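Peer 1: fold the following for me, if possible:
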Amino acid sequence: MTSVQHVTTHTAEADCRNDNIKIYIDGNIVSRDKAVVSVYDSGFLLGDGIWEGLRLFDGNILFFDDHLDRLFEASVYTKIDIGLDRASLKKAVWDTLMANNMTTDVHIRLMVTRGRKSKPFQHPQLSIFGSTVVIIAEHSKPDMSASFQGVRLHTVPHHRGLPLTQDPKLNSHSKLNCIIALNHAIQAGADEALMLDPNGFVNTTNACNFFIVKKGSIWTSTGDYCMNGITRQKVIEICKSESIPIFEKNYSLVDVYSADEAFLTGTFGGQTPVSKIDGHIIGDGLVGPMLLKIRKLYKALLIAGLEH
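Peer 2: Sure, this is the predicted structure:
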């Protein structure tokens with residue numbers, strides 16, 4: 001019996017060029033081995049920061065403005081002053097890509113922390129040196145095995161919680177809840193964690209938004225307790241424009257186990273099929289016709305964006 005290879009939505013092909021990339025830190029672009037931040041940085045000390053994951057494809061950063069909208073929204077909420085306006089931040093990203101001679105199949109991690117502190121304590125007013133901005137761009141072509149084989153999910157007891165604790169819409173450096181959830185799923189032999197909302201309804205995974213297909217309709221969570229994913233929103237918009245029934249609603253594992261298809265969405269992997277959840281094979285365990293249709297429409301959307 002052939003063993004199933006462990007894959008994730010962020011599995012990428014190995015690329016030795018990443019050993020020598022150049023990284024942006026606070027206005028300077030330096031070699032990877034010289035890219036350091038202070039141990040007093042609030043991001044290192046406390047996870048006090050925000051970030052965006054971007055994708056460069058055929059010379060275009062996909063949905064760049066949407067990602068920056070989300071970053072600046074998080075900046076307002078967290079009161080982290082980025083220290084750069086929108087145009088300057090865009091230039092910093094493009095300068096980093098140019099310094100690395102990158103044109104396609106690149107994943108960009110744009111990170112902003114509250115900056116270096118005068119003392120290693122929590123109070124935000126101790127961050128007196130201004131924000132820290134880091135941009136890491138890596139050659140990162142998705143490993144196609146996940147696109148065809150699919151990923152296995154395990155439902156975990158950890159959930160993405162209420163905005164009263166930490167709003168799940170925030171792309172913050174504090175990812176410990178999701179990492180603990182993923183560890184739990186890995187221990188169960190799965191690839192990623194399926195997380196419920198505080199009411200027990202199916203919500204999201206540790207890293208991606210979650211969808212199911214039932215009788216020609218696509219279901220996803222209400223969006224109240226998950227990351228407001230850019231790719232998630234694009235899929236919803238595609239469905240509405242193409243008259244594909246799409247429902248943002250509460251639903252349970254009863255609905256999930258009997259789904260015809262399930263898939264995940266995210267900036268890096270686009271749309272990734274789910275083959276198995278809690279040991280239940282979803283559909284026939286293969287990439288389904290609805291996902292193939294969504295992928296085709298999503299690719300057309302990307303090409304249309306490139307032409308503009």
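Peer 1: helices and strands of the chain: which one has the lowest mean pLDDT?
Peer 2: Using mean pLDDT, DSSP states H and E, helix 144-149 stands out as the lowest-scoring helix or strand of the chain, at a mean of 76.
Peer 1: neighbouring strands - and their directions - for the very next helix or strand once past that helix?
Peer 2: On the C-terminal side of helix 144-149, the closest following helix or strand by DSSP states H and E is strand 151-155. Using DSSP bridges, the strands paired with strand 151-155 are strand 192-196 (parallel), strand 270-277 (parallel).
Peer 1: and the gap between Leu286 and Asp26?
Peer 2: Distance, Leu286 to Asp26, using CB to CB, to the nearest Å: 47 Å. Glycine gets a C-beta too; all of them are placed from N, C-alpha and C.
Peer 1: let me fix that: Gly83
Peer 2: Distance, Gly83 to Asp26, using CB to CB: 9 Å.
Peer 1: list the helices and strands the least confident helix or strand of the chain packs on?
Peer 2: Applying 3 or more CB pairs under 8 Å, 6 or more residues apart in numbering; DSSP states H and E, one finds that helix 144-149 contacts strand 270-277.
Peer 1: what sits up against the helix or strand just after the strand it packs on?
Peer 2: Going down the chain from strand 270-277, the next helix or strand is strand 280-281, by DSSP H and E. Among residues not part of strand 280-281, those counted as contacts by CB atoms under 8 Å, 6 or more residues apart in numbering are Tyr257, Ser275.
Peer 1: buried sites along the helix or strand following strand 280-281?
Peer 2: Per DSSP H and E, the first helix or strand lying C-terminal to strand 280-281 is helix 289-307. Neighbour-count burial for helix 289-307 flags Met290, Leu291, Ile294, Arg295, Leu297, Tyr298, Leu301, Leu302 (criterion: 16 or more other CB atoms under 10 Å).
Peer 1: looking at the residues you listed, spot the one nearest Val36.
Peer 2: Leu302 (35.4 Å; CB to CB).
Peer 1: now do that closest one against Asp81, distance only.
Peer 2: In terms of CB to CB, Leu302 sits 33 Å off from Asp81.
Peer 1: hey, what's in contact with both of Gly83 and Asp26?
Peer 2: Counting by CB under 8 Å, 6+ apart, the shared contacts of Gly83 and Asp26 are Val133.
Peer 1: show me how this structure divides into domains.
Peer 2: 16-139, 144-307 (automatic domain parsing).
Peer 1: how much space between the spatially most central residue of the chain and Ala99?
Peer 2: Most central in the chain under CA atoms, centre = their mean is Gly266, positioned 5.0 Å from the mean C-alpha point. To Ala99, Gly266 is 26 Å away according to CB to CB.
Peer 1: thanks a lot, catch you later.
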